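Student: A structural model of the following input is requested.
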Amino acid sequence: YKHDYIGAVFISGTIQEANSEYNQAWLLDTISSLKKDDSNTALAVYINSPGGAVYQADEVYLALQDYKTTGRPIYVYQGPMAASGGYYISCAANQIYANRNTLTGCIGVIMGTTYDLTELFENLGIKSETVHSGKNKNMMNYNEPLTDEQREIMQSMCDECYAQFVNIVAKGRHLSIEKTEELSDGRLYTANQALSNGLIDHVDSWENMLRDLAENELEKPGIKVKYYKYQKKQTFVESMISKANELSTAKAAAT
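Tutor: Numbering: from 1, shown residues only. So this is what the prediction gives:
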């Protein structure tokens, strides 16, 4: 198996379409390419994320589930944080490992925040009006109070996303819906708490996870690992700012 390898894919930052740490298109393309490569024998996914958008998290989860149709295993390692969408993606794994200082879980959904500034505007003598058709078209805008109907609309959407999340956790972790709902109150768990509740499988190091994957799962000790990590191309200005920050940090550390 000298040409075989484990693909180590790093997921970092807020899960959304794109930012300085995360890129959805790159991640999905990477998973797809690894699936098509017969020399790739498994995925080791490192996650360090506070979560993010449900849409993007679900896309990655489904891409990993599609990868598993090859029969190849996925091991997830949770770094400093694997919360909300980060935990959502973890549920595609055959095994979940975490560092002993990992914070994980945060199983829940936030649909959005609304601010009603109408009374403040009235006190300041400010008038703001949005011309719209459809009584709920201006829903959650700052210049109209949220109605009971609109609150129910948003809650129903939130509840639907939450039910999807709970079902994914229950399926991935082989837990009952009742037990999963008990654990899914939005709180963060330490690694040991997550382990005792069945949300992860092991508290160990990244290196030991790779060894377990190679020796125990694949029965290919010494198999090489190829690393895949998104790096945003910096503009000249961004590069200069980054170097200036590094120099400043180095000077501070030397004093």
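Student: buried ones in stretch 71-90?
Tutor: Within stretch 71-90, the residues scored as buried using 16 or more other C-beta atoms under 10 Å are 72-79, 81-90. For every residue, glycine as well, the C-beta is placed using N, CA and C.
Student: outside of the helix or strand encompassing Ser33, which residues touch it?
Tutor: Per DSSP states H and E, Ser33 falls inside helix 24-36. Residues outside helix 24-36 that contact it (C-beta atoms under 8 Å, 6 or more residues apart in numbering) are 7, 9, 11, 15-18, 40, 43, 56, 59-60, 63-64, 66-67, 70, 228, 230.
Student: and the buried residues of stretch 71-90, which of them are in helices?
Tutor: Secondary structure defined by DSSP state H assigns 85-90 of these to helices.
Student: and the helix or strand hosting Arg151, how far out from the chain's middle?
Tutor: Following DSSP H and E, one finds Arg151 within helix 148-173. Its chain's average C-alpha position is 17 Å from that of helix 148-173, according to C-alpha atoms, centre = their mean, to the nearest Å.
Student: Next secondary structure element downstream of that helix?
Tutor: That would be, after helix 148-173 and using DSSP H and E, helix 177-183.
Student: what's the helix holding Arg151 packed up against?
Tutor: Helix 148-173 sits against helix 54-67, helix 85-90, helix 177-183, with contacts defined as 3 or more C-beta pairs under 8 Å, 6 or more residues apart in numbering; DSSP states H and E.
Student: hang on, the earlier thing: against which helices or strands is the following helix or strand past the helix holding Ser33 packed?
Tutor: Scanning forward in sequence from helix 24-36 by DSSP H and E, the next helix or strand is strand 40-49. When contacts are defined as 3+ C-beta pairs under 8 Å, 6+ apart, strand 40-49 packs onto strand 5-12, helix 24-36, helix 54-67, strand 74-83, helix 85-90, helix 206-211.
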